[in-house]
Structures are given as structure tokens and as C-alpha cells.
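Chemist: Quick one: sequence and predicted model below, then my questions.
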Number of protein chains: 2
Amino acid sequence: MAAEQSPASRRDFLRSVGVAGGAGVLYSAMGALGLAPVPDARADEYRAPQRSDFALTGRGGKKVLVLGGGIAGLATAYELGKAGYDCRILEAKNRPGGRNWTVRGGTKLTDLDGRTQTATFTEGQYMNAGPARLPQSHVTLEYCRELGVELQVFTNQNANAYIHHESGAALAGRPMRWRTAKADVYGYVSELLAKATDQGALDARLTAQDKERLITFLQSFGAIKGKADGYAYTGTDRRGYSVEPGAAFEDGTVLGPVPSLSDVIASGVGQRFAFELGYDQAMLMFQPVGGMDAIPYALAKAIGQNRITYGAKALEVKDLPDGAEITYEDAGGRTRTQRADFVVAAIPPMVMARLKHNLGTDITAALKYAVPTPVGKIGLEYRSRWWETDEHIYGGITPTDTDLATIWYPSYGYQGRRGTLIGYYNFGANAVAYSDLPHTQRLARALSRGVKIHGDKYRTELDHSFSVAWHRTPHIEAGWVGWPSQTGPEYQLLNQPAGHVYFAGDWLSHVIAWQHGAFTSARKVVTDIHERVMAA
Amino acid sequence: MAAEQSPASRRDFLRSVGVAGGAGVLYSAMGALGLAPVPDARADEYRAPQRSDFALTGRGGKKVLVLGGGIAGLATAYELGKAGYDCRILEAKNRPGGRNWTVRGGTKLTDLDGRTQTATFTEGQYMNAGPARLPQSHVTLEYCRELGVELQVFTNQNANAYIHHESGAALAGRPMRWRTAKADVYGYVSELLAKATDQGALDARLTAQDKERLITFLQSFGAIKGKADGYAYTGTDRRGYSVEPGAAFEDGTVLGPVPSLSDVIASGVGQRFAFELGYDQAMLMFQPVGGMDAIPYALAKAIGQNRITYGAKALEVKDLPDGAEITYEDAGGRTRTQRADFVVAAIPPMVMARLKHNLGTDITAALKYAVPTPVGKIGLEYRSRWWETDEHIYGGITPTDTDLATIWYPSYGYQGRRGTLIGYYNFGANAVAYSDLPHTQRLARALSRGVKIHGDKYRTELDHSFSVAWHRTPHIEAGWVGWPSQTGPEYQLLNQPAGHVYFAGDWLSHVIAWQHGAFTSARKVVTDIHERVMAA
């Protein structure tokens, strides 16, 4: 049984495949040198169940009931379906995708507290309320390829977007372009390190040749002056221009004056740079054309719409001696029970914990061990794309130290008539502060922060808005969950089947809050079930 | 006459507009603090001629003959056409755009030496042989908006692309992902500067508070250890993974081991980082959907196809007492002469210099003063998008220290069946080395370099190819030109009219080799002509 296969042995196997494989040889060699990843080690690991697996054994696809039509549930049914398993999905909402949710004109949301919003976005305008970006390494991209979901660049970084800090000494309260922040921080860092290196302060760590090469690098990296000028950083056209270079004698006016070293350090803008170095956040990133929900809709279509029951609210999950069953209330209010060989529970752990079940109190306790994270997002549709026309910002993100956290400029519809920003995307206490308010007050608060960055047009050009508080959204109840420990008994328990009931979701992965986590968790459960069936 | 207007006064005017304008107030204030550019200072500067300019004066649009249908020539006719000037364009080639040229299946090129290639790219595959990227600040984007040219992101940088140095000590010859290079360089730089700062080596430059804040920044920027561990850089998951994190207990295996400080410095990878900080090269950047030539074709359509004569090879330009004329050989081989109130010569200076004219020997000498730059590019169409499927590289650029200079992964058609790389994009001696060879040998040379980075598939998956050597291309003869001086008498002379003959082109700007230079040069000449007509 696959669930008894130790993670260590699985990883060992994986590595041996990586080393033995054709193209793998080159990359493993590179990997051994610490230079390049061994790509598709993960792809080697997973092998989808196939109809031919059953051909000579007399076995057949079993019946599997999936609770929850989010990415993990859909991927489970999709992958098992490849081998002919008879999968059915019960989904409480009236759409597939779970948190993968694209809000368009007409989309309705009733919060847990009963407050209802109906989106009035113009046709063609949308917001991805949940996941919005896909890293190149994530298996999500492989599903997009397999399902024919067309991709475009998601603009996670933009040199023309701002960093806006309301604290930060002399520079506080003044939005600074990323390009300006980088020019100044890299400039001063290079000046300081070149000085220290030249003065011999690092001779214990650097050879004479290292020193020479390092200073050459710093002069390029920081655009600093030479030794005669103390390696001083005094500005560079990387900061931007106040008058753009152009025809004839217009050689441009570089943005100035350059703030002092002390002011730049105190501004804290440099603290933003680590974001784009993050493994999951480094550009390039991608999004499906037309909305992130192209992924769940493509999965649902591949599974077969007749296999998905919407509006099915689970009441009870029961493990049986030779299978499992789910009792639920259907869209018409009738109580029904469906039975299968296996059940895969692909719903959030805190929601599952409240369900009636016979899986034991340890399971309930383990499910409750996960800590839900409040997350909020607001979409702001504008009559004009003033960020493009007036500020030359075509996509990207402005981080702030205010409670809205970040403003996102749209990665689609460039130069169109209208556009939809994300006006806040925040977590924890900030998300709670906004979600406690009704939508109109959330909006007012977001706008009051935004005008400090973008001026009055941030209010006057607004046309439509829609906000989501994931922790107040029925059947979902969090942006994501965190685990106090992913090595303890609670997490271990949920990664094994409880009789004929399996658990799946990004929350059972090391890539929480990414669809990659949901997909890989589904693949693991699919593999476990298939190996169990084949071994029976 | 506008040509007599000094650049200084023009710039002063510009600044006063920037300060007086509505939204300008905010930005000027920010600009004065050295934080944000004053956007659209340039846009304020240019005012297109309008029909209403003539309404009360009894004046009318004059006849203008434009020599050359590249971006500068097209923009001149387009802008003057807005006020009703009767513009005609004479273009030697059979298409508009000049160096803005998108090569598709069927595209033909005969070099100056008589060697002919016909592109066999599959439908939907193309290469932008000339300009390929648009910065957000360039006026080119405003023309795309005005003309309805749809944009998508041009992927000028990608953390998953490589840096490939064949020199560089211990790490030579092994492609390194950008993300890995940044993690290691930023890590070691942070370690070194934190050590030096902590040890007091920079106390002359840093206050106690500066030091504390700087070290906090460096810990985030370099992902380095704390003071107790000597601020050591020992690696980070920013480098990438050899086993990707995933479901259950798979927390991933970070790529390792980390090369030594000395090896990282000697590798020279850090020298590549300045590129993406450049004002013109920083992401985000854009390209027209379907090919860069969407811009000239949209301009040609707006001007009116009947106003453009293709296949017209200029023989002579003559200034007359009350106008100017061009004698040319038409597509049928007949010699013709057209006369106009003004001529705008929008062809490369070294081509213009060889033309018969009566503008004086100073003009000829000035035109010859510009130095042509050899530039080459090759497009490689592959049967599969192995860079995406095998290496998780969706767009971006791999710089090398070999003679191919850079490899570009396509910014369109993600996850499609086929894709077209740029296999070299090089200048100067490297471009000459390739262009001296016939196409098949250029290709063989490019492939021999590429296999060292990407392995055998770089050769085995190839299907079609096409190369351009701009310096060997008729009527163009260079990738771009450089000026020994842009303040000397030669450059000054060409920025004034020679009687009724004006010069336009990116080569008469401070943004050479960018369409922005051509557009702004055209705007300047348009303004000069219109002011002359209005003042007459």
C-alpha cells in the first residue's frame, strides 16, 4: 500500500530516476555542481493511472466519490478518470474551482454573515479572487498544457510600479518607483562594499584577485564612480528621467536629486527586494488568458459535467467495511446518500472537522490543528487605465506598508478602455480589519489609502468594485491554512487514509496556498488509491 | 522657425508645463524629491498639427514628400496628415517599416552580396528581425494605443533562463539559472557588507542607526545568517530546487552545493545584472501581438496605402528655391521625379550620403560622420518547445560570453506545439563573423554554441531558420549608427533643414536603435515644418 511507502524511499527513487534518465544526466551533473535544477524530477515521480494497467489483471476501475470540486478534488477525479475509475464529485457551490475563482459581472457572493454582493464589472473585466499567478516550475503549468488552457504573462514585478512607505523617515509618504529604489539601494550598497574592500576591511575573506573582481562587479552593479572618487554613488539614469530623452538635442534629464545614503536606508525600500527573489515569486510568472478559472472549467469539462453535482452540501462521511459513503443535502433540499469504494475528502480541514463522521476523534483533532489564515482582496474597475496613460505602469505590483498591503495593476487588456486593479490583497489582521466592514466601507478605506499613491483619480475614475473575504466565504472559510508542524502526528495522520477515506488539498502539501500544492496532493492520493487497487 | 528654437528654451518650456499642469503638480513635487519621474513631460511637449490650425488663417496643408517608409518616415506622414498635409512616401522596399521587420514563412531577403534566403517558418511562427521590445516609457506605446496595436509582455528577463559563461574559472562552461546567480551573488555581497559594517569598517560613512538598518536589509536581501554565524551566506531556496516541493512530506531539495565566494566572483555572472537595471531594458517591456510590424502596417493603413509608393529607389534629392524634389526609379524601372513644398529624408545617413543631391558637401560629410554598427540575428524554429517542457523556461534571455551573445526564448505561443528562438543577436565583430558566412554556416556556428547550453535537442529538434545581417541588407546597411559626437557641427547641421529638405530618423535622436528615437525625431521635424508653414 502506497501510504505505507516511506517518503524517504520515494525521494530516493526519485533521485535515482533523475540520475539515470537521458536528459537527466546533463542536468544532474549541473545539479551536482549546484548550478541548475534537475528539471522534471517531479514529473518522473508521477505516473497517471492508465486503462492498460487493468488489462491483464482482470481488475477494473473502482468507484470514487470526491467531496469538494476545488483544484484537488477536480484533479483527483481527472487523474483517476484516465484509468476508467468511476468518479463523482459533490460540490457545495454552484461552480468548480473552490478558491480558484474569477469574479465577473453578475458574480454573486453571500458571506457567512449574510451580506451579499453582486459584481457589476463591465464585460471583459474580471478579478482573480483567489490564486492569480503561476510560477514556471509548478505542475499547474503542465495541467494548463495538457488541458489546452492558454497562458499569458502575469506581471508580478514592474520597475515602473511604486514602493509606498508611509513610515521611513525623510522619504516617508512618497511613492518611489521600483527602478529608482533599486538604483539608489544598489548604488549605495556598492559604494559601501567597494570602499570596505578597497580599504582592506575584508582581506580575511578575499584574495587580491577576488577584491579586484568584486570591485569591477560593484562598479557595474551600482553604477558607482571609480577609486579616485571614493567609489561614490551619485545617481544614475537607472533612476528614471524627469524629462525623457528624445529627438535632436534632448538627451533627457535624469531624475534627481538623489536622496542621502542615510535616508535611503531608513526608507526601508530595500526590504521589498527579497520578494522577487523568492523561488515561487520570481518572474516570469503566468496566468490563464481570460481568468484563472479557465483551469477548473477545463478540468470539469475533461471529467464530464455529468460527474459533478453542484449545490451538494455534505452532512456526513462514513467509512464502511468495504467502502465509504457521503450523505448530503442536494440543491433541492433533499437528503441523499452516495456510496463508493473510496471517498476523497478535498475540502478545507476546518470545514471537514465540523462534518459528522465516523473516522475517529484523532482525525477531528488533526483537522482542527490547521490554522486558518484570513485573506482579503478587492477588485476596482476604472473607466480609464490612468496607471498606463498617466504613470506608464503597464502591470506589476505596488507594495505598501499600509493595511491594504499591495495594489496590483492588471496583466491583461493593456491600453484598453477600462481596467481592473486589485486595490488590496492582505492577510491576517489587515484582512480582518477590512472584512469586518460592509463592502462600501472596505472600498472607502481602500480608496483612502490609494489616493495617497495615485492621487484623486484613484477615486474619481472608479466605476465598479467587488471584495472577497475568504475567511468569511461559505464552504471555504480561509485564504489558506498553516500548520504549527508538518512533521507531527496530526499532519501525518491526515496523509494516510482513514479506512476508505482519503484527504487531499494544498493544505496537505509543502506548497500551501498554491494550486501546485493541490495538484501534487491529488496526485499523491490518486497514486495511493491506484496502488491499493492494483495490489488488492 | 522652430529649428532656431534653442533646445534649452524648449526644455525650460517643458518644465514650466510640467509644473503648471493638474496631475503634474503631484509628480513634479515627487520629481523634485528625486523619487518619481514627471510623466508625460514629453507628451506635453508635442502637439500634433491639426486641421483647425489652418481654419482662420487662410493657410492650407502643403505637399510633403517623405523619402523612406521606416518608422520615422511613416510617423512624419501620419502626423502631418492629421492637419491635412498632402504627404507621399517613397520606399525602396516592398513593405513599410524599415528595420521594423517581422520575418514569417515566405519572407525573402537578398543581401547586398546577392545571397538570397526565403523563410520557411510554419504559419504562426515569426521572428522580429529588428526592434523587438518596447519600454513602458517610450512614445511607441502611445502610438500603439492610438493605432489600436494590441500589446503583450516582451520577456526581457527570466529567473529560469541561464547565464552561460565559457570563461570564469571553476564555474566556466556550465549554464547557471539567473535565480541561482542572483541568490549566490546577493548572498555573498550581503555577507561581506554585513561583516564589514559590523566590524566598524564603514563607521566614517554610517551612523549606528544606519548600520543596524543596513544589516537588517542585508539579511533579507542576501538570505544570510545572523551575527553569531558571521552573517555567512550558505545558500537559500532562492537558488532553486533539485527536487521540487510537493505533497505530503516532500519539502523539496534545495539545489546545492553552493559554490565558494571566490568561484562565484570569478564566474562573472554578476556582471550580467546591470542589464535589467538599465532605463530602457528594465521589465516590464512589451511587444505587439503577432509581430512588431503591426506598428508600421497600422501606420501605413492610417496614412493611406495610396500615399506610399513601394519599390521606389531614390536617385537624387534636389532643394529648389520654393520646394524640393526627388528623382527615383520606380518598381517598373522607369525614372520619375516628384516635387513638393518640403522633402523629409528619413533614410539611414550613410545611404543618404551616397545619393546625388545639391545640399552641399558639408551635408555629405556630416551624413558620413555617423558610424554604422553591424548587427545580426537568427531565428530558429523548433518542432517542440523543449525549453518550456524540459527546462521550465517560458520566455526570457540567456546571455553568453560566446560570439552568439544572447539566446532569446519566445514571448508568444506559450505551450504551443512549435516555437521560434532567437539563436543569436550580436553586434560589431561578432555580427561580422557570422555575416561573413552563408546562412547554412551561420546556422551551424550558432547551433554549435547552443548545444553547449541546451544539449543535443538544440540541434535535433530544429526545423527552420532564417538569419539577417542588417549591415548587409539593401537600403538599410546597419543595425544602427553611432555618432562620435552629438554636440559637434555635423550632428547640429543635420538637425536643421537644408533649404526645404529635412532629415529624420532614430539616428537624429538620443534614443538611437529604438523606435522611440524615430518617432520623436519625426515629431520634431513635423513640428518644425508646421511652425514654418504657420509662420509664413
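Modeler: It's in.
Chemist: What count of nearby residues applies to residue A:58?
Modeler: Residues lying near residue A:58 (other C-beta atoms under 10 Å in any protein chain shown) number 6. Quick note: C-beta positions are derived from backbone N, CA and C, even for glycine.
Chemist: Quick one, grab the pLDDT at it.
Modeler: Per-residue pLDDT puts residue A:58 at 72.
Chemist: which element is it on?
Modeler: Following DSSP states H and E, one finds residue A:58 outside all helices and strands.
Chemist: Please report the distance of it from residue B:436.
Modeler: Remark: distance between residue A:58 and residue B:436 (C-beta to C-beta, to the nearest Å) = 69 Å.
Chemist: wait, what's in contact with whatever residue of the stretch 251-400 of chain A ends up closest to chain B?
Modeler: Using C-beta to the nearest C-beta, the single residue of the stretch 251-400 of chain A nearest to chain B is residue A:282, 3.7 Å away. By C-beta atoms under 8 Å, 6 or more residues apart in numbering or on different chains, residue A:282 lies in contact with A:135, A:276, B:159-160, B:179, B:238.
Chemist: wait, what's in contact with the spatially closest residue to residue A:421 that is not a sequence neighbour?
Modeler: Closest residue to residue A:421 apart from its sequence neighbours, by C-beta to C-beta, 6 or more residues apart in numbering or on different chains: residue A:380 at 4.7 Å. By C-beta under 8 Å, 6+ apart, residue A:380 lies in contact with A:420-423, A:443, A:446, A:450, A:462, A:464-465.
Chemist: try it again with 10 Å
Modeler: A:121, A:127, A:407-408, A:419-424, A:443, A:446-447, A:450, A:458, A:461-467 (C-beta atoms under 10 Å, 6 or more residues apart in numbering or on different chains).
Chemist: Over to residue A:248?
Modeler: With the criterion set at C-beta under 10 Å, 6+ apart, residue A:248 makes contact with B:3, B:7, B:10, B:486, B:491-492, B:494-496, B:508-510, B:520-521, B:524-525, B:528.
Chemist: For it, give me the pLDDT.
Modeler: On pLDDT, residue A:248 comes in at 97.
Chemist: For it, what are phi and psi?
Modeler: With angles defined as degrees, to the nearest 10, residue A:248 sits at phi 50, psi -110.
Chemist: tell me which residues in the helix or strand hosting residue A:468 are buried?
Modeler: Assigned by DSSP H and E, residue A:468 belongs to strand A:462-469. Using 16 or more other C-beta atoms under 10 Å in any protein chain shown as the test for burial, strand A:462-469 gives A:462, A:464-469.
Chemist: For the spatially closest residue to residue A:507 that is not a sequence neighbour, what is the enclosing helix or strand?
Modeler: Using C-beta to C-beta, 6+ apart and skipping the chain neighbours, the partner closest in space to residue A:507 is residue A:481 (4.9 Å). Assigned by DSSP H and E, residue A:481 belongs to strand A:480-482.
Chemist: again, but for residue A:519
Modeler: Secondary structure assigned from DSSP H and E places residue A:519 in helix A:515-535.
Chemist: For that helix, which residues meet the burial criterion?
Modeler: Neighbour-count burial for helix A:515-535, counted by 16+ other C-beta under 10 Å, picks out A:515-533.
Chemist: now do stretch A:170-190
Modeler: Residues of stretch A:170-190 classed as buried: A:171, A:174-190 (neighbour count, 16+ other C-beta under 10 Å).
Chemist: Can you sort out which of those also neighbour chain B?
Modeler: Filtering these for proximity to chain B (criterion: C-beta under 10 Å from any C-beta of the partner chain) leaves A:171, A:174-190.
Chemist: can you tell me which of those are in strands?
Modeler: In strands, judged by DSSP state E, the following of those are found: A:176-177.
Chemist: neighbours around the nearest residue in space to residue A:359 that is not next to it in sequence, how many?
Modeler: In space, and not counting its chain neighbours, residue A:359 is closest to residue A:498: 4.2 Å by C-beta to C-beta, 6+ apart. By other C-beta under 10 Å, 21 other residues sit near residue A:498.
Chemist: Same check on the one 4 residues further on?
Modeler: By the other C-beta under 10 Å criterion, the neighbourhood of residue A:502 contains 29 residues.
Chemist: Please apply the same query to the one 4 residues further on.
Modeler: Neighbourhood size, residue A:506 [other C-beta under 10 Å]: 29.
Chemist: Pull up the gap between the closest residue to it other than its chain neighbours and residue B:252, please.
Modeler: On the basis of C-beta to C-beta, 6+ apart, the spatially nearest residue to residue A:506 that is not a chain neighbour turns out to be residue A:517, at 3.3 Å. Noted for residue A:517: a distance of 12 Å to residue B:252, by C-beta to C-beta.
Chemist: Quick check: neighbours shared by the two?
Modeler: Common contact partners of residue A:517 and residue B:252 (C-beta under 10 Å, 6+ apart): A:510-511, B:245-246.
Chemist: Relative to residue A:395, which of these is nearest.
Modeler: Minimum distance to residue A:395 across the shared contacts of residue A:517 and residue B:252 is 24.6 Å, recorded for residue A:511 (C-beta to C-beta).
Chemist: which residues does that closest one contact?
Modeler: Residue A:511 touches A:135, A:138-139, A:280, A:517-521, B:244-247, B:250-252, counting by C-beta under 10 Å, 6+ apart.
Chemist: one more time with 7 Å
Modeler: A:517, A:520, B:245-246 (C-beta atoms under 7 Å, 6 or more residues apart in numbering or on different chains).
Chemist: Out of these, which is nearest to residue B:257?
Modeler: Nearest to residue B:257 out of those is residue B:245 (C-beta to C-beta; 19.2 Å).
Chemist: you'd agree that closest one is up against residue A:506?
Modeler: No. Residue B:245 lies out of contact with residue A:506 (C-beta atoms under 7 Å); the separation is 11.5 Å.
Chemist: Okay, and the beta partners of residue A:152?
Modeler: Judged by DSSP bridges, the bridge partners of residue A:152 are residue A:287.
Chemist: Can you report how many residues lie near it?
Modeler: For residue A:152, the neighbour count with other C-beta under 10 Å is 17.
Chemist: which SS class is the residue located most distally from the centre of chain A?
Modeler: Among residues of chain A, the one most distant from the C-alpha centroid is residue A:228; the distance is 47.9 Å, by C-alpha atoms, centre = their mean. Put simply, residue A:228 is helix when judged by DSSP: H, G, I helix; E, B strand; the rest coil.
Chemist: Can you tell me how far it is from chain B?
Modeler: 17 Å (C-beta to the nearest C-beta, to the nearest Å).
Chemist: For that residue, list the residues it contacts.
Modeler: Applying C-beta under 7 Å, 6+ apart to residue A:228 gives no contacts.
Chemist: so who does the nearest residue to residue A:120 once chain neighbours are set aside touch?
Modeler: Closest residue in space to residue A:120, ignoring its immediate chain neighbours: residue A:464 at 4.7 Å, by C-beta to C-beta, 6+ apart. Residue A:464 makes contact with A:120-121, A:381 under the criterion C-beta under 7 Å, 6+ apart.
Chemist: can you rerun that using 10 Å?
Modeler: Residue A:464 neighbours (C-beta under 10 Å, 6+ apart): A:105, A:119-122, A:125, A:379-383, A:418, A:420.
Chemist: Only whichever of those residues are buried, select them in PyMOL.
Modeler: Applying 16+ other C-beta under 10 Å to the contacts of residue A:464, the buried members can be selected in PyMOL as follows:
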select buried, chain A and resi 105+119+121+125+379+380+381+382+418+420
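Chemist: Helices of the stretch 401-536 of chain A, start to end?
Modeler: Per DSSP state H, counting those that start in this stretch, the stretch 401-536 of chain A carries helices over the ranges A:428-435, A:439-454, A:457-460, A:489-494, A:515-535.
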